[in-house]
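**Q** Pasted the sequence and its predicted model underneath.
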Amino acid sequence: MEKYDFSGWATRNDLKCSDGRIIRANAFKGNDGKVVPLVYNHDHNDPENVLGHALLENRAEGVYAYCSFNDSPRAQHVKATVQHGDICSLSIYANQLKQMGSDVIHGAIREVSLVLAGANPGAFIDNPCFAHSDDPVEDEATIYTGLPLELMHSDEEYDEDEYEDDDEYEDDEVEDDYDDEYDEEYEEYDGSDDDVIEHADTEEDDEEDGETFEDVLDTLTDKQLAVVTTVIGMAVENAKNNDSEEGEEEMKHNVFDTEYNDDTLMHSEFMATVINDAKSCGSMAESFMKHSADYGIENIDWLQPEYKNINGDGAPGFIKRNPDDWVQVVMNGVHHTPYAKVKMMFADLREDEARAKGYIKGNLKKEEVFGLLKRQIGPTTIYKKQKFDRDDIVDITDFDVISWVKGEMRMMLDEEIARAIVFGDGRTALAEDKINEASIIPIWKDADLYNIKYTVDPAQGESLAHAIINAAVKAQDDYEGSGNLTAFLKNGTVSTMLLEEDKDGHRIYKDMRELALAMGVDKIVKVPASIVPSEIHGVIVDLKDYNIGADKGGAINMFDDFDIDYNQMKYLIETRCSGALTKPFSAITLKVKGQG
């Protein structure tokens, strides 16, 4: 067994944090037995701050950590401070947090950190900002409890057997008691009726074929198993009554009969038939269904298997307005800065006055003259709001409706941001919900200093596809951006270009790679025609030249709240950011002739 230097509570259940949230039992059960890095003060950006590792143990009171230092100089220094009592508290960094109201019910611990107890009095949760990414909407937090550490003796080892999960132990005890009680009753019944198949014989026969009676029962659904259990219980009771009422000619009413009928078989015979035929039918469930009609069972459709959702997680799929593959290309490609108010300044050296000059003896030397160009961009807020009746949330048990709706909100927010960056949100200038284009400047509408506007004008007899390719190549003569170009084109336009044929009827471009090569770009991304403005064919840009800025707290964040008066859970996802091209002549817009 591994030796550890100290131990302590990484989290404690039912401890109310300063922000009102409460860590509930088994919230981090998935980390039981897992080893995570031990870090100093959550500074995981510096490898030297990784001090060792921590073995996590899920207990009834919370998550307990057994920690071991590595041999690095920094780790040994921190080890001395722990032994001296200078550092005496742990905290965790966790993500994939899920909440029900103020209760944290699930999460994944990614690291345990030694922290200065004096700096973190009491329990609290510190939420970092979300970053623009393609990750699902999951909360993350640093959770402090301020609980003291416990030093371990150098020869003290961790013993897994000593710390078994109490809940699991109790469940096993209950299950064993139930099995003993069930076997007792079943054995008592074995001697009460010759027609009943003995439990021991049935199990022995099943084991010969590699399958026990319990294995067969496991093939039933919960509803079917409940019915079978009820039938067996009534059969046992009926047999006991028959033994106690010897001499009576009329048997007790059969649960499978619609009327009292002396000619019908007993329950035991029905169950014997079902069990004996389970192998040939493939399962106990199929055998039960096959023979039920012979024994007069009504409403047999109750036992039919329920409809299953073929979606992987059971959640409804999304029917989207448009394919959204292009959205993540935009969101992952743009440049990010941790501040929302940005400005760009350039000296315009294009005029003759800025040129170097030749000198003639005796003439006056002239100063260089050039203009300064400057623009400033401030942030705007983009959001999506949703609400659910709590009754509906409680009643939906097939899938995690909260995670599902948060995923939908993040997906739609990303689409709106990506659309605003490249093409604008498409709403009219007077629309109440329009995204402010002075804060998120659409590439295709940007000023001539940043965006090269090139009109596609097919020559006589020239196809539109060929004209677009020529325009893309010619426009790059004036291009001064970073150079790794992506062409965002209407999907219909791309299809037309791929169908372009030579005089012999052969396709000119085999695939989009060849088409991109002909246009002089690194790749082509198809965008739904409903997204691209009618005035243009598409936009060519290196997205690194487009900056998205968001201050701390202004990046994408998810909020939830409970409305007591209306019994509703309300959710809000929003970001406050700015966006604009940062380099002159760093984008190309291919315009439709006669538009704009």
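**A** Received, thanks. All figures in this text were calculated on a predicted structure; none of them were measured in a lab.
**Q** all contacts plus neighbour counts: C-alpha atoms, from now on.
**A** Will do.
**Q** where exactly do the strands run in the stretch 51-200 of the chain?
**A** Counting by DSSP state E, counting those that start in this stretch, the stretch 51-200 of the chain has strands at residues 62-69, 89-100, 103-115, 124-126, 139-151.
**Q** and the ones you listed, which is most packed in?
**A** With neighbours taken as mean count of other CA atoms under 10 Å, the strands of the stretch 51-200 of the chain reach their highest mean count in strand 62-69, at a mean of 23.
**Q** Show me what that strand is packed against.
**A** Applying 3 or more CA pairs under 8 Å, 6 or more residues apart in numbering; DSSP states H and E, one finds that strand 62-69 contacts strand 6-12, strand 35-40, strand 50-58, helix 73-84.
**Q** rerun at 7 Å
**A** strand 6-12, strand 50-58 (3 or more CA pairs under 7 Å, 6 or more residues apart in numbering; DSSP states H and E).
**Q** residue boundaries of the helices in this structure?
**A** 73-84, 166-190, 199-208, 213-217, 222-244, 267-276, 278-281, 284-292, 325-333, 390-395, 401-422, 464-475, 491-498, 512-519 (DSSP state H).
**Q** still on that earlier bit, out of the helices and strands packed on strand 62-69, which gets the lowest mean score?
**A** Mean pLDDT values for the helices and strands packed on strand 62-69 show the minimum at strand 6-12, a mean of 87.
**Q** I'd like to check the angle between it and helix 73-84, please.
**A** Relative orientation of strand 6-12 and helix 73-84, computed by axes from the mean of the first three to the mean of the last three CA atoms, to 10 degrees: 90 degrees.
**Q** Now do strand 6-12 and strand 50-58, the angle between them.
**A** 60 degrees.
**Q** Can you give the strand pairings for strand 6-12, parallel or anti for each?
**A** Each strand paired with strand 6-12, and its direction, by DSSP bridges: strand 62-69 (antiparallel), strand 139-151 (antiparallel).
**Q** on that earlier part again, could the strands of the stretch 51-200 of the chain go into CSV alongside mean pLDDT?
**A** Compiled in CSV, these are given as follows (pLDDT from 0 to 100):
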stretch, mean pLDDT
strand 62-69, 91
strand 89-100, 85
strand 103-115, 88
strand 124-126, 55
strand 139-151, 75
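**Q** Mind putting the helices and strands packed on strand 62-69 into CSV with mean neighbour count and distance to residue 412?
**A** Shown next, in CSV, are the helices and strands packed on strand 62-69 (neighbours: other CA atoms under 10 Å; distance: least, CA to CA, whole Å):
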stretch, mean neighbour count, distance to residue 412
strand 6-12, 23, 35
strand 50-58, 23, 37
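**Q** hang on, the earlier thing: export the strands paired with strand 6-12 as JSON lines, with columns for distance to residue 45.
**A** Formatted as JSON lines, the strands paired with strand 6-12 follow (distance: least, CA to CA, whole Å):
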{"stretch": "strand 62-69", "distance to residue 45": "18"}
{"stretch": "strand 139-151", "distance to residue 45": "15"}
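**Q** which stretch among these comes nearest residue 8?
**A** With CA to CA as the measure, strand 139-151 is the member of these nearest residue 8 (4.6 Å).
**Q** hey, C-alpha coordinates of that closest one in PDB?
**A** As requested, the backbone C-alpha atoms of strand 139-151 are provided in PDB (Å, rounded to 0.1, in the frame of the first residue of the first chain):
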ATOM      1  CA  ASP A 139     -20.200  25.000 -14.800                       C
ATOM      2  CA  GLU A 140     -16.800  25.000 -13.200                       C
ATOM      3  CA  ALA A 141     -15.700  26.300  -9.800                       C
ATOM      4  CA  THR A 142     -12.900  26.400  -7.200                       C
ATOM      5  CA  ILE A 143     -14.500  25.200  -3.900                       C
ATOM      6  CA  TYR A 144     -12.900  26.200  -0.600                       C
ATOM      7  CA  THR A 145     -13.900  24.700   2.800                       C
ATOM      8  CA  GLY A 146     -11.200  25.900   5.200                       C
ATOM      9  CA  LEU A 147     -11.000  22.500   7.000                       C
ATOM     10  CA  PRO A 148      -7.800  21.500   8.800                       C
ATOM     11  CA  LEU A 149      -5.400  18.900   7.500                       C
ATOM     12  CA  GLU A 150      -4.300  15.700   9.300                       C
ATOM     13  CA  LEU A 151      -0.600  14.800   9.200                       C
END
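**Q** Quick one: work out the angle between that strand and strand 89-100.
**A** Interaxial angle, strand 139-151 versus strand 89-100 (the same axes, to 10 degrees): 140 degrees.
**Q** right, and residue 520 touches residue 475 too?
**A** No. If you go by CA atoms under 7 Å, residue 520 and residue 475 don't touch, sitting 10.4 Å apart.
**Q** How about residue 570, nearest residue that isn't a chain neighbour?
**A** Nearest residue to residue 570, sequence neighbours excluded (CA to CA, 6 or more residues apart in numbering): residue 387, at 4.2 Å.
**Q** Pull out the buried positions in stretch 548-555.
**A** By neighbour count on 16 or more other CA atoms under 10 Å, the buried set for stretch 548-555 is 548-551, 554-555.
**Q** what's the closest of those residues to residue 378?
**A** Of the buried residues of stretch 548-555, the one sitting nearest to residue 378 (CA to CA) turns out to be residue 549, at 9.0 Å.
**Q** Let me see the contact set for the closest one.
**A** Each residue near residue 549 by CA atoms under 7 Å, 6 or more residues apart in numbering is listed here: 336-340, 577-579.
**Q** Now neighbour count too, for these, in JSON lines please.
**A** Conversion of the contacts of residue 549 to JSON lines gives the following (neighbours: other CA atoms under 10 Å):
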{"residue": "336", "neighbour count": "19"}
{"residue": "337", "neighbour count": "14"}
{"residue": "338", "neighbour count": "15"}
{"residue": "339", "neighbour count": "17"}
{"residue": "340", "neighbour count": "24"}
{"residue": "577", "neighbour count": "26"}
{"residue": "578", "neighbour count": "28"}
{"residue": "579", "neighbour count": "30"}
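**Q** which among the residues you listed gets closest to residue 539?
**A** Closest approach to residue 539 among the contacts of residue 549 (CA to CA): residue 579, at 16.4 Å.
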